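**Q** Got a predicted structure plus its sequence, pasted below:
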Amino acid sequence: MKKISFSIICSLALLLSSCKKDFLDRQPLDAFSESSLWSTVSDAQAALNGCYNGWENGEWIYYIDCASDNAFNPYPWEGYSMMGNAVLLTPTNTAINPWSFTTIQRVNWFLENIEKMDIDAELEGRMVAEARFLRAYRYFIMTQAYGDVPLVTNNLSTEEANDVNKTSKAEVVAFVLSELKACADALPESYEGDDIGKITSGAAWALKARAELYNEMYADCIASCNMIMDKYELFPSYPDLFRIQNENNSEIILDVQFVQNTNSLRVGVLPPQTSGGWWSVNPTQALVDDYEMANGKTINEAGSGYNADDPYKDRDPRMQNTIVVPGAWYDKGYFDPLNPSSFDYYAAYNYTGYAGKKYTQNMSDYDDKWNTGLNIPVIRYAEVLLTYAEAKIENGEVDNTVYEAINKIRSRAGMPDVDQAVYNSQSTLRTLVRRERRVELALEGLRWFDVQRWRIAEEVMNGPVYGSRLGTVDPETGALNLSEDRILSEQRVFDPSKNYLWPIPQSQIDINKNLGQNPGY
C-alpha cells in the first residue's frame with residue numbers, strides 16, 4: 001500500500017474537495033462523469049485508494065494520549081491541551097476532534113458505484129470489504145468520542161444530509177460489529193508486494209475484539225481474539241518494533257501507512273528542543289510511576305528496591321524505551337530539562353520534564369524528522385493479547401491462558417513472569433492487566449478510551465499534572481541530584497457528569513439542528 005494507497009487519479013481528486021457546506025462533509029458527486037470514472041479496475045482501485053486517504057491520522061495516535069493522564073500538551077494552539085483539561089473543552093472549542101464523515105461518505109460513494117461494474121467477483125468482494133472496514137473504523141471512533149451519532153450508509157443529497165438524526169450508540173456499535181464480521185470473512189489473511197499494508201481479515205477480527213471489549217461483550221471478545229491468536233507473533237525487540245526499518249513486521253495487524261515526500265509523517269513533534277523537535281507530547285509523572293521495577297514489583301511495593309532519589313534506575317525497560325527521562329542519554333547528549341540554561345528547560349512552557357521516545361528511539365533513522373515514511377501502528381498483536389486477557393478476567397475465566405498472554409508481553413520487554421501468588425484473583429489481575437495496557441501501549445492512542453470505559457477519569461484526570469522532580473543533571477555522566485520539589489505542569493478539572501463524552505462541534509449543530517448537543521455542554 002505504500003506505493004499505491006495515495007495515488008489518486010485526477011477524477012477522484014474532484015471527489016476530495018468539498019464545494020458545498022453540510023455536516024456530513026459530502027463531496028461534489030456531480031463534478032465528473034461517473035460513467036467514464038467507473039470503467040476499469042484501475043478506476044475502482046483509485047477510488048478505493050481515496051477511501052484509504054485520511055482514514056486515520058498518524059499524529060493523532062500519539063497526540064491523543066494528551067487527552068488522558070498519560071501525557072500533557074504544553075501548546076494550547078495545537079488543539080490537544082483542552083482535551084486533557086476538560087474544563088476547556090466546549091462546543092465552540094472542540095480542539096482536534098474526530099467528528100468527520102469524510103471517509104464514511106467516500107466509502108458510501110465507492111460502494112454505490114462499484115456494484116455497477118463488471119469486474120472479477122472475488123476482487124470486488126475484497127475491495128468492498130476493505131471499504132466497509134474503513135467506514136466501520138470511523139464509526140467506532142466516533143461512537144467512543146460522542147456516543148450517539150448519525151448512521152448513514154448511503155449517499156445523501158445536501159438537503160437530506162443536513163436533516164439526518166442521530167442513531168443510538170448501541171445501534172451503531174451493532175452495525176460496526178456486523179460489518180467487521182462480514183469483512184473478516186471476505187478479506188485475506190495477508191498480502192504480498194505492493195498490496196502489503198491493506199486491510200486484512202486479522203485487522204477486522206482485532207478491531208471487532210477491541211469494540212467488543214470496550215462495550216463489555218466479553219465472551220464475544222474472547223471468541224474474536226481466538227480467531228487470530230495463532231496468526232501473529234510478537235516482534236522480538238520492543239524498542240525496535242517502532243523503527244522504520246522494521247515496518248510491516250509480524251506484530252503489526254493494522255497501521256497507518258506513510259511515504260516520505262508523498263504523505264509523510266512528522267515525528268519531529270515528539271523529540272525535545274535540543275534534538276530540533278517541538279516536544280509536544282509530554283509524558284506525566286503518573287505514567288512514569290506505573291512502570292514496575294525490573295524485579296516485577298511496583299514502586300510502592302515492599303522489597304521493590306525503588307529509590308526516589310534515583311527514580312529511573314532498575315525499572316521496567318519499557319519506561320526508557322518509551323520516555324526520555326532527565327539524565328538519560330538521548331540523541332547526542334544527556335537530557336537536561338532541569339537546568340535554566342538548557343534549551344530544554346522545563347519552565348519555558350510548563351513541560352513535565354519528560355519527552356516521548358517511542359517512534360524516535362534513534363533519531364539517526366530519519367534524514368528529515370519532519371518528512372518521514374514511518375508507519376504508525378493502530379493495532380498490534382500485543383494489544384490483542386492484553387484484550388484477550390482482560391476479557392477473560394472480566395468474564396470470570398481466569399486460567400493459564402490469561403497468564404500466558406500477559407507473560408508473553410512481559411517476557412519480550414525483559415520483565416519477569418506474573419507473580420501468581422500476588423495476582424491470583426479477578427480483582428488483582430484486573431489491576432495488573434490495566435497497568436500492563438498502560439505501559440505497553442503508552443503513546444499509542446488508547447489510554448483515553450481505557451480511562452473512559454473504566455470510568456476512572458474523576459480519579460486520574462481531576463487535579464494536578466505533575467512532572468519530574470527538580471534538581472540537577474551532571475552533563476558529563478547524566479547523574480541526578482534531585483530536590484524535594486516537583487514540576488507542576490497543570491491543574492486539570494474533569495466533570496464526570498458530562499466529560500466522558502466530547503461535545504459535538506457547534507458548527508455542525510448550526511448546520512443540522514437535529515443533532516442536538518451531548519448532555520452538559
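**A** Received the coordinates, thanks.
**Q** tell me the contacts of V473?
**A** P326, G327, Y334, F335, D336, L338, N339, A479, L480 (Cβ atoms under 8 Å, 6 or more residues apart in numbering). To be clear about C-beta, it is placed using only N, CA and C from the backbone, and glycine gets the same treatment.
**Q** same thing with R266?
**A** R266 neighbours (Cβ under 8 Å, 6+ apart): E59, K369, W370, N371, T372.
**Q** if I've got this straight, the first one is in a helix?
**A** Yep, that's E59 we're talking about. Yes. Under DSSP: H, G, I helix; E, B strand; the rest coil, E59 falls within a helix.
**Q** Kindly provide the distance from it to G268.
**A** Separation of E59 from G268 (Cβ to Cβ, to the nearest Å) stands at 11 Å.
**Q** before we move on, what about K392?
**A** Counting by Cβ to Cβ - K392 and G268 are separated by 40 Å.
**Q** who has more neighbours, those two?
**A** More crowded of K392 and G268, by other Cβ atoms under 10 Å: K392, with 23 against 20.
**Q** does the more buried one really touch N400, like I thought?
**A** No. Contact criterion Cβ atoms under 8 Å: K392 and N400 do not qualify, at 10.5 Å.
**Q** mind listing which of the contacts of V473 are in helices?
**A** Per DSSP state H, helices hold no members of these.
**Q** From those residues, list the buried ones, please.
**A** P326, G327, Y334, F335, D336, L338, L480 (16 or more other Cβ atoms under 10 Å).
**Q** Give me the distance between the first one and Q45.
**A** Here the criterion is Cβ to Cβ. By it, P326 lies 50 Å from Q45.
**Q** for the second one, same thing?
**A** Here the distance between G327 and Q45 works out to 51 Å (Cβ to Cβ).
**Q** Poorly predicted segments of the protein, please.
**A** 1-36 (pLDDT under 70).
**Q** which stretches of it form strands?
**A** 71-72, 252-256, 282-283, 323-324, 329-330, 333-334, 355-356, 376-380, 463-473, 480-492 (DSSP state E).
**Q** Out of those strands, which gets nearest to G305?
**A** Nearest to G305, of all those, is strand 480-492, at 16.7 Å by Cβ to Cβ.
**Q** what residue is smack in the middle of this protein?
**A** G445 (2.7 Å; Cα atoms, centre = their mean).
**Q** Enumerate every residue touching it.
**A** Going by Cβ under 8 Å, 6+ apart, the list of residues near G445 reads W60, I61, Y62, I64, D65, V378.
**Q** how about a cut-off of 6 Å?
**A** I61, I64 (Cβ atoms under 6 Å, 6 or more residues apart in numbering).
**Q** Against L156, how distant is it?
**A** Taking Cβ to Cβ, one finds G445 at 30 Å from L156.
**Q** Skipping adjacent residues, who's closest to W278 in space?
**A** Of all residues not flanking W278 in the chain, V269 sits nearest, at 4.7 Å (Cβ to Cβ, 6 or more residues apart in numbering).
**Q** Sorry, wrong one. I was asking about G125.
**A** Leaving aside its sequence neighbours, G125 sits nearest to A186 (Cβ to Cβ, 6+ apart; 5.0 Å).
**Q** same question, V378
**A** V378's closest residue in space is L254 (Cβ to Cβ, 6+ apart), at 4.5 Å.
**Q** Bridging across strands, which residues link to that neighbour?
**A** I379 (DSSP bridges).
**Q** burial measure for it, as a count.
**A** Residue neighbour count, defined by other Cβ under 10 Å, stands at 20 for L254.
**Q** Roughly how far does it sit from I379?
**A** 4 Å.
**Q** so what sits against both of these two?
**A** By Cβ under 6 Å, 6+ apart, no residue touches both L254 and I379.
**Q** and F133, what does it touch?
**A** Contacts of F133 by Cβ under 6 Å, 6+ apart are C183, I199, A204.
**Q** Roughly how far does it sit from I252?
**A** 16 Å.
**Q** So in the chain, which helix runs the longest?
**A** helix 121-146.
**Q** Quick one: distance of that one to the chain centre.
**A** Offset of helix 121-146 from its chain centre (Cα atoms, centre = their mean, to the nearest Å): 17 Å.
**Q** Dump stretch 370-379 to CSV, restricted to CA.
**A** Taking C-alpha atoms only, stretch 370-379 is exported to CSV below (Å, rounded to 0.1, in the frame of the first residue of the first chain):
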residue,chain,number,x,y,z
TRP,A,370,9.5,16.4,9.5
ASN,A,371,9.2,14.3,6.4
THR,A,372,9.4,10.5,7.2
GLY,A,373,7.8,7.4,5.8
LEU,A,374,7.3,5.8,9.2
ASN,A,375,4.1,3.8,9.6
ILE,A,376,2.2,4.2,12.8
PRO,A,377,0.7,1.1,14.4
VAL,A,378,-3.1,1.2,15.1
ILE,A,379,-3.5,-2.3,16.3
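**Q** the helices in the stretch 201-350 of the chain, which residues?
**A** 201-214, 218-226, 285-290, 317-322 (DSSP state H, counting those that start in this stretch).
**Q** What is the third one packed up against?
**A** Using 3 or more Cβ pairs under 6 Å, 6 or more residues apart in numbering; DSSP states H and E as the contact test, the elements touching helix 285-290 are helix 426-440.
**Q** what about dumping the CA coordinates of the helix it packs on to CSV?
**A** Extracted in CSV, the C-alpha atoms of helix 426-440 (Å, rounded to 0.1, in the frame of the first residue of the first chain):
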residue,chain,number,x,y,z
GLN,A,426,-10.1,-11.3,39.4
SER,A,427,-9.5,-8.1,41.4
THR,A,428,-5.7,-8.3,41.5
LEU,A,429,-5.5,-9.5,37.9
ARG,A,430,-7.7,-6.6,36.8
THR,A,431,-5.2,-4.2,38.4
LEU,A,432,-2.4,-5.9,36.7
VAL,A,433,-3.8,-6.1,33.2
ARG,A,434,-4.8,-2.4,33.3
ARG,A,435,-1.3,-1.5,34.3
GLU,A,436,0.1,-3.6,31.5
ARG,A,437,-2.1,-2.0,29.0
ARG,A,438,-0.9,1.4,30.1
VAL,A,439,2.8,0.8,30.0
GLU,A,440,2.8,-1.5,26.9
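**Q** which helices and strands sit right next to it?
**A** So helix 426-440, by 3+ Cβ pairs under 6 Å, 6+ apart, packs with helix 285-290, helix 381-394.
**Q** Please repeat the previous calculation with a cut-off of 7 Å.
**A** The contact analysis (3 or more Cβ pairs under 7 Å, 6 or more residues apart in numbering; DSSP states H and E) places helix 426-440 against helix 285-290, helix 381-394, helix 400-413, helix 447-454.
**Q** Mind checking those helices for the one nearest to G147?
**A** helix 447-454 (10.8 Å).
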